[in-house]
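In: only geometry, no sequence info:
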C-alpha cells in the first residue's frame, strides 16, 4: 500500500510541475505578443531639444529590444536629418 501512495504523490508532483511549466510558457507568450503589439515610437520633435539625449534614448530602446533594426535606423535618420 505504501508503494501506491508514493507513486500517487510522485504523479501529483509531476502534474504540478507540468502545470507550472505550461503557465510559465503562456505568460512568456503573452509578454512576447505584448512587445510585438507595442506601438511605434513617436517621431522626434523637430526644432530644438537635446539631439544627443534623443539619440541615446533611441539607442537604449533599440538595445532593450523595443525597436527593430529598421525602426531604429529610420528614427535615427529622421533625428539626424
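Out: Everything's here; your move. All figures in this text were calculated on a predicted structure; none of them were measured in a lab.

In: so where do the helices sit in this structure?
Out: Along the chain, counting by DSSP state H, helices occupy 2-36, 51-63, 69-80.

In: which stretches of the chain have low pLDDT?
Out: The chain contains residues with pLDDT under 70 at 1-15, 29-30, 33-49.

In: what do you get if the cut-off is 80, keeping everything else the same?
Out: For the chain, the stretches with pLDDT under 80 are 1-21, 23-49.

In: how's this protein carved up into domains?
Out: In terms of domains, the chain is parsed into 1-37, 41-81 (source: automatic domain parsing).

In: Let me know how buried residue 58 is, in neighbour terms.
Out: 21 (other CB atoms under 10 Å). From N, CA and C alone the C-beta is placed, and that goes for glycine too.

In: which non-adjacent residue is nearest it?
Out: Using CB to CB, 6 or more residues apart in numbering and skipping the chain neighbours, the partner closest in space to residue 58 is residue 75 (5.3 Å).

In: Against residue 63, how distant is the one you found?
Out: 14 Å (CB to CB, to the nearest Å).

In: Residue 22 now?
Out: Note on residue 22: its distance to residue 63, by CB to CB, is 31 Å.

In: Find the residue closest to residue 67 in space, skipping its chain neighbours.
Out: Using CB to CB, 6+ apart, the nearest residue to residue 67 is residue 61, at 4.8 Å.

In: Report the separation between the one you found and residue 71.
Out: 9 Å.

In: Quick check, residue 76 in contact with residue 55.
Out: Yes - with contacts counted by CB atoms under 8 Å, residue 76 reaches residue 55, the gap being 6.8 Å.

In: distance of the closest residue to residue 72 other than its chain neighbours from residue 51?
Out: Take residue 72 and drop its neighbours on the chain: the residue closest to it by CB to CB, 6+ apart is residue 62, 4.1 Å away. The gap separating residue 62 from residue 51 is 16 Å, by CB to CB.
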